[in-house]
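[1] return atomic coordinates for the entry below.
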Amino acid sequence: MDAPMKFVQIIDYETDRIEEMQAMGRRAEEQFAGRTDGPTHRMVLRDRSNPNRYLVVIEFDSYEEAMRNSGDPETGKFAEQMAALCTKAPTFTDCDLVDVTELK
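    The predicted structure follows:
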């Protein structure tokens, strides 16, 4: 039996309150630490052409785990708080992780 395909969600948002967003993200990481259906990796990227635009890349062990996480009321509360700090509504892109290569 094949292992489940890893799943990645990309959240694209704009904010002029990044310090508050980062502090909220750190609190959420502490709160969600140890969850079996939580994210396994997170990357926050800033757009060099638009310094108020950010992309958050979140990896899960599977789509099913991501959906369980998404359905959790605490995750919903976090998403609402995050949206309140945005100057443009976040957009979400759901992806199956097809390939990863460590180049160094």
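
[2] right, and the helix or strand after the lowest-mean-pLDDT helix or strand in the chain?
    Within the chain, confidence by mean pLDDT, DSSP states H and E is lowest for helix 18-32 among all helices and strands, at a mean of 89. Next helix or strand after helix 18-32 toward the C-terminus (DSSP states H and E): strand 41-46.

[3] quick one: the residue most central in space within the chain from Thr15, how far?
    Nearest to the geometric centre of the chain sits Ile58, at 3.9 Å (C-alpha atoms, centre = their mean). Distance of Ile58 to Thr15, given as C-beta to C-beta, to the nearest Å: 17 Å. No exception for glycine: its C-beta is placed from N, CA and C like everyone else's.

[4] which ones are touching the residue nearest to the centre of the chain?
    Going by C-beta atoms under 8 Å, 6 or more residues apart in numbering, Ile58 touches 8-11, 39, 41-42.

[5] Asp96: neighbouring residues, count only.
    Asp96: 10 surrounding residues under other C-beta atoms under 10 Å.

[6] who's in contact with it?
    5-8, 63.
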